[in-house]
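>>> this is a predicted model, with the sequence first.
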Amino acid sequence: MVPQELKYTKEHEWVRVEGAEAVFGITDHAQDALGDITFIELPNKGSDIKKSDVLGTIESVKAASEIYAPLSGKISQVNESLTDKPETINFSPYTDGWICRVALADTAEQETLMSAAAYETYLKESHS
Amino acid sequence: MNYIPHSDADRAEMLRSIGISSGNITELFKGIPEELRSSSFDLPLGKSEFEVEKYIKSLSRKNTVELINFVGGGFYDHYIPAAIDAIVSRSEFYTAYTPYQSEASQGTLQAIYEYQSSICRLTDMEVSNASLYDGGTALFEAAMMAIRETGRGKIIMDGGVNPIYRKMMYSYTTNLSIEFVETPVSHGQSDRREIKKYLDDKTAAVILQNPNFFGAIDDHSDISRECHALGALVIESVYPISLGVLKSPGEMEIDIAVGEGQSLGIPLSFGGPYLGFMASRKKFVRKMPGRIVGLTRDARSRKGFVLTLQTREQHIRREKATSNICSNEALCALRALIYMSLIGKDGLKKVAELCMAKCEYAKERLEKIKGVEVKRSSPTFNEFIIKLPKDPNVIIEKLIKKKIAAGFPLGRYYKDMADYMLISVTEKRTKQEIDLLSEELENALWN
Amino acid sequence: MELIFEKSRPGRTGIVFPEKDVPVTCVPDDKYKRKTPAELPSISEPEVVRHFTRLSKLNFSVDANFYPLGSCTMKYNPKFTEKIAALEEFTSLHPLNPQLVSGSMLTQGALEIISNLEKALSTITGMDEFTTQPMAGAHGELAGVMLIAAYHRHKGNNKKYILIPDSGHGTNPASAAIAGYQVKTIPSNAKGVMDLESFKHALNDDAAGVMLTCPNTLGIFNPHIKEISDLTHKAGGLMYYDGANLNAILGKTRPGDLGFDIVHINLHKTFATPHGGGGPGSGPVGVKKELIPFLPVPRVTKRKDGTFHLDFEKALSIGYISPFYGNFGVMLKAYAYILLLGKNGLIAVSENAVLNANYLKYHLSKYYDIPYDKNCLHEFVLSAGRQAKKGVRAIDIAKGLIDYGIHPPTVYFPLIVKEAMMVEPTETESKETLDEFIEVMIELAKLAEEDPEIFKTFPKTTSVSRLDEVKAAKDMNIAA
């Protein structure tokens, strides 16, 4: 069961919308697929991003994966603690493992995201 | 001889055991349609070792090897200590595979780690990879690293960079949209004014070589500072033996140091295999191509080595990989490591000093010859250029008949330097050989 | 084991130089001089030899261990070819010599060998001409895709994609990307070969070419290969053959006969040159005649008087991808091998390689899942899926094999098989070695049922047990 209050993308990112801002991260499924995370290339504070832009990369011993922006906006904060402890994403992907906070360009854009139920269905279907 | 252990009886038994009662091995190829079978396979039949040896030795005798070698151009006749061949011919090294299964490959892995460390110490850089094919490919990979790192698309290349490497660079990048600008040399060294003219915030890197193709030495620290001020990187192609005396890339604040490792105990071997080395600042390590070995521990806290940062590589990232490299030059890197270990800190200094001294002696002898102009506009390491009053090609040919490979005619790669020749002197060249070169050059010109 | 730097002691030396015999000294000016010397170890020759001899004993190697590594062709490295490659008439040859005027006469032996090797490889693969410049297989792939790009550019075609099956080796898409192409990945079908329908769907005017190996990485020969070639050519594309699996088909079929336009060969696989712990290799590339004008320069050509020389004047050439003529020292070994084996020997190679692979597959099929069960050629893929259900994965079986002195097969490749183990015994292994491998694999399968937990402790007979790769990536200690 994924956190019900969050929204999701097909690339396994989650979004927590807080009014005109949103916080992004990667889901438990993604961290599990990657394995022990050894490095994360964080996006730059202050940069403008568009939905589906590459935000950064996450590396584990066996894979390297891009992180895609679920929504458009301006990055107001990044989780600097991940530079020293990238493994935080593995054991706390939805809370301590948050990646960045964004001032949304268009709050209506969140309609394009999947609900928790839709994401759960998507996970079940892609792994049958 | 085909090195296949099976006797006919072995094959028959094996075929029977897998249900091929006919005993006909060709049944295993049923999956290949008849119409796709080889239309021909016209090779001679196999021969014995004795016959092949005789034939190849007859071919080998068609190569002229008793020439006193003054030809350099990036590839040098240095002495190779006997211990190197003895160690690398151990089958545990040369018949080993790429060390993907680390527990079964600690010999190779530790050797690569020591090689990486030695290259860093040699160049005063922070990180090194496990090798690339050769110095030219390493230079191309460095350019790609700079482009990835800066996100910019322009490269400035000094004309003193080995012309063969410049040709390789253009060939490799034909299908990529990179802007190249070449700057000429000025009095043998890098032309700062020209470089500054093109250096801007669209420049990914400036590529330099020290010593350059003409043997001239330089201190590129000022160019590094100019580049860094504009966010561009500096790439330097260096000659390992020269680092026994010359300012290192680390000391010159170079970002990526590359070069040809052939001078570190690898034979000339008519063009390969060679050894491309690459070292850089730690902050660029994730953009670095090739394999990298790292130190770690096992569950019992024993030290061990593994291939690391593999997520940059082709077997994981596929089309997003930092490079497509798979096999590299591991055994050549081992040769270089053994050479650097035997020669040591003091030995490297000594061999470099010998090269410089003998080179200076050669210059003094040759400039005494009527009509020969030894270019002294800049200091050199172990190579220098001379201008001749007659066609260097003709002179070189005459000297070859005297069993001296006197040098390389620059006109081959530099159209406006057709009356120049490049001469290289290593620690292997004796005073007598240099004297002979001088006498025979004079004869060739005037008698 | 201690690092070599830890054995360094001031004042020790491993090499003696002749005394300086010229009456001059030359020291660079301070601004060009190195401030602190390179901290290379000060150590004697006996200590150096002991250090590396001890290191060597920590390695597995083909001479000592069985390496059933799929896609690597770890066959026996003949000692005779090592002897040939060490001849001084080859090792001391400066590569610039033939570039001097009349210089080719100084190196006729070497040039003739290059020319003969190129011809032999053309005959073996059914191509028209070869270049020996690429210094490794992946380098050959890059050269091949660059040739495709040059061909299309010359014809004024605007092609964007290279089509690659999902079972392809990672170097394929990586090479395509460097040559400026995007990649379309084509799925494999239930029979394990590239799905023809998906291929037809993806193939259009934008396809520059297709990169395939045949048999593929599952050891399976695609029966539609000629149709794929014809369709590709009709769409104006070129067919590229990844020669990694050439050991399966020597003398039986040739990529040239299957419709391929470009092939690369791995001399360190099919032609028995040693792997060296990761190189040097050599990846010559062969082409059909339409592509000859684009081959890299120089070309070794034979003059009317029978002598060989280097031809640099090829206006359409892709240029230099190597400083000279390729890894000559490696090419020499492959040439000697081809002469030794000849037509009959090479045919025996593929027949016995295929027999050995089928023998292993047959006798292991009761204990391991074999996803594509029809006859394989020289390699096959088994899956540790059954064992994984008990918690024993392919990597665990691999580590178990190490304790038996057997190098594991390739694991987790191709990506299309879960818990994949790709097995390629090659032709130089005896029946006893194969039977031992079967016995060990069966024992490990049984152990996976009875005591899966114990696999976590494997390997336990090596100098180190499983190493912490996460720590290696995080610490990033890559130089001492």
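Done, it's in. All values derive from a computational prediction rather than experimental measurement.

>>> in what helix or strand does the residue nearest to B:Ile87 when sequence neighbours are not counted lie?
Leaving aside its chain neighbours, B:Ile87 sits nearest to C:Phe52 (4.7 Å; criterion: Cβ to Cβ, 6 or more residues apart in numbering or on different chains). In short, each C-beta sits where N, CA and C put it, glycine included. Per DSSP states H and E, C:Phe52 falls inside helix C:45-56.

>>> also B:Ile434?
helix B:431-446.

>>> B:Ser237 now?
With DSSP H and E as criterion, B:Ser237 is part of strand B:233-238.

>>> next helix or strand past that strand?
Past strand B:233-238, the next helix or strand by DSSP H and E is strand B:256-260.

>>> now do that following strand against strand B:233-238, angle only.
Interaxial angle of strand B:256-260 relative to strand B:233-238 (axes from the mean of the first three to the mean of the last three Cα atoms, to 10 degrees): 20 degrees.

>>> any residue of the helix or strand just after strand B:256-260 touching chain C?
Next helix or strand after strand B:256-260 toward the C-terminus (DSSP H and E): strand B:276-280. No: Strand B:276-280 does not reach chain C (Cβ under 8 Å from any Cβ of the partner chain); its nearest approach is 8.7 Å.

>>> what stretches of chain B score poorly on pLDDT?
B:311-327 (pLDDT under 70).

>>> in the strand holding B:Ser237, what counts as buried?
Across strand B:233-238, burial judged by 16 or more other Cβ atoms under 10 Å in any protein chain shown covers B:Leu233, B:Val234, B:Ile235, B:Glu236, B:Ser237, B:Val238.

>>> can you check stretch A:71-78 too?
A:Leu71, A:Ser72, A:Gly73, A:Ile75, A:Val78.

>>> please flag which of these sit within strands.
Judged by DSSP state E, the subset of these located in strands is A:Gly73, A:Ile75, A:Val78.

>>> thought A:Cys100 was touching the last one, still the case?
Yes: look at A:Val78 against A:Cys100 with Cβ atoms under 8 Å: they come within range, at 4.6 Å.

>>> which residues do the two both contact?
Common neighbours of A:Val78 and A:Cys100, using Cβ atoms under 8 Å, 6 or more residues apart in numbering or on different chains, are A:Leu42, A:Pro43.

>>> quick one: contacts of the helix holding C:Phe52?
Against helix C:45-56 from outside (Cβ under 8 Å, 6+ apart): B:81, B:83, B:86-87, B:90, B:92-93, B:106-107, B:110-111, B:338, B:341-342, C:1, C:4, C:7, C:12, C:14-15, C:43.

>>> are any of these buried, and which?
Among the contacts of helix C:45-56, those scoring as buried are B:81, B:83, B:87, B:90, B:92-93, B:106-107, B:110-111, B:338, B:341-342, C:4, C:7, C:14-15, C:43 (criterion: 16+ other Cβ under 10 Å).

>>> run me through the strand neighbours of the longest strand along chain B, direction for each.
Longest strand in chain B, counting residues (DSSP E): strand B:203-210. Here strand B:203-210 has these sheet partners by DSSP bridges: strand B:154-158 (parallel), strand B:233-238 (parallel).

>>> give the buried residues for the following helix or strand past that strand.
On the C-terminal side of strand B:203-210, the nearest following helix or strand under DSSP H and E is helix B:221-229. Of all the residues in helix B:221-229, those buried under the rule 16+ other Cβ under 10 Å are B:Ile223, B:Ser224, B:Glu226, B:Cys227.

>>> how about helix B:221-229 and chain C, touching?
No: using Cβ under 8 Å from any Cβ, we find that helix B:221-229 stays clear of chain C, coming within 8.7 Å at best.

>>> quick check: closest non-adjacent residue to the residue in the stretch 1-150 of chain B that chain C sits nearest to.
Nearest to chain C, among the residues of the stretch 1-150 of chain B, is B:Gly46, at 3.2 Å (Cβ to the nearest Cβ). Excluding the flanking residues, the one nearest B:Gly46 by Cβ to Cβ, 6+ apart is C:Gly342, at 3.2 Å.

>>> how many neighbours does that neighbour have?
Neighbours of C:Gly342 under the rule other Cβ atoms under 10 Å in any protein chain shown: 19.

>>> what score does it have for pLDDT?
As predicted, C:Gly342 sits at a pLDDT of 97.

>>> again with C:Ile43
C:Ile43 is assigned a predicted lDDT (pLDDT) of 97.

>>> next one: the closest residue to chain B within chain A from chain C, what distance?
Residue of chain A nearest chain B, by Cβ to the nearest Cβ: A:Ala64 (3.8 Å). A:Ala64 sits 11 Å away from chain C, going by Cβ to the nearest Cβ, to the nearest Å.

>>> for that residue, what are phi and psi?
Main-chain dihedrals, A:Ala64, degrees, to the nearest 10: phi -130, psi 130.

>>> and if you look at A:Ser72?
phi -90, psi 150.

>>> for the closest residue to B:Ile80 other than its chain neighbours, give me its contacts.
Closest residue to B:Ile80 apart from its sequence neighbours, by Cβ to Cβ, 6+ apart: B:Gly265 at 5.2 Å. When contacts are counted by Cβ under 8 Å, 6+ apart, B:Gly265 is found next to B:His78, B:Ile80, B:Pro81, B:Ile84, B:Arg335, B:Ala336, B:Ile338, B:Tyr339.

>>> of all these, which two lie farthest apart?
Spanning the widest gap among the contacts of B:Gly265 are B:His78 and B:Ile338, at 13.8 Å by Cβ to Cβ.

>>> near chain C, which residues of chain A are found?
A:Asp36, A:Thr38, A:Phe39, A:Glu59, A:Ser60, A:Val61.

>>> repeat the analysis, applying 10 Å as the threshold.
Counting by Cβ under 10 Å from any Cβ of the partner chain, chain A comes close to chain C at A:35-39, A:59-62, A:84-87.

>>> the residues you listed: which ones sit near chain B?
Okay, of the residues of chain A next to chain C touching chain B (Cβ under 10 Å from any Cβ), that's A:Thr38, A:Phe39, A:Glu59, A:Ser60, A:Val61, A:Lys62.

>>> which stretches of chain A form helices?
Shown for chain A, the helices assigned by DSSP state H span residues A:28-34, A:81-84, A:88-91, A:116-126.

>>> of all the ones you listed, which one is nearest B:Ile195?
helix A:81-84 (35.5 Å).

>>> elements contacting the closest one?
Counting contacts by 3 or more Cβ pairs under 10 Å, 6 or more residues apart in numbering or on different chains; DSSP states H and E, helix A:81-84 is packed against strand A:37-41, helix A:88-91.

>>> if we can go back for a sec, please state the offset of the strand holding B:Ser237 from the chain centre?
15 Å (Cα atoms, centre = their mean, to the nearest Å).

>>> give the contact list for the residue of the stretch 1-150 of chain B closest to chain C.
The contact partners of B:Gly46, by Cβ atoms under 10 Å, 6 or more residues apart in numbering or on different chains, come to B:1-2, B:52, C:338-348.

>>> relative to chain A, which of those is nearest.
C:Leu346 (38.0 Å).

>>> state the distance from that closest one to chain B.
C:Leu346 is 7 Å from chain B, by Cβ to the nearest Cβ.

>>> and that residue, what element?
Short version, using DSSP H and E: C:Leu346 is in helix C:328-364.

>>> chain center to that helix: distance?
That offset, for helix C:328-364, works out to 15 Å (Cα atoms, centre = their mean).

>>> list the buried residues for that helix?
C:328-343, C:345-364.

>>> equivalent analysis for stretch C:13-23, please.
For stretch C:13-23, using 16+ other Cβ under 10 Å, the buried residues are C:Thr13, C:Gly14, C:Ile15, C:Lys20, C:Val22.
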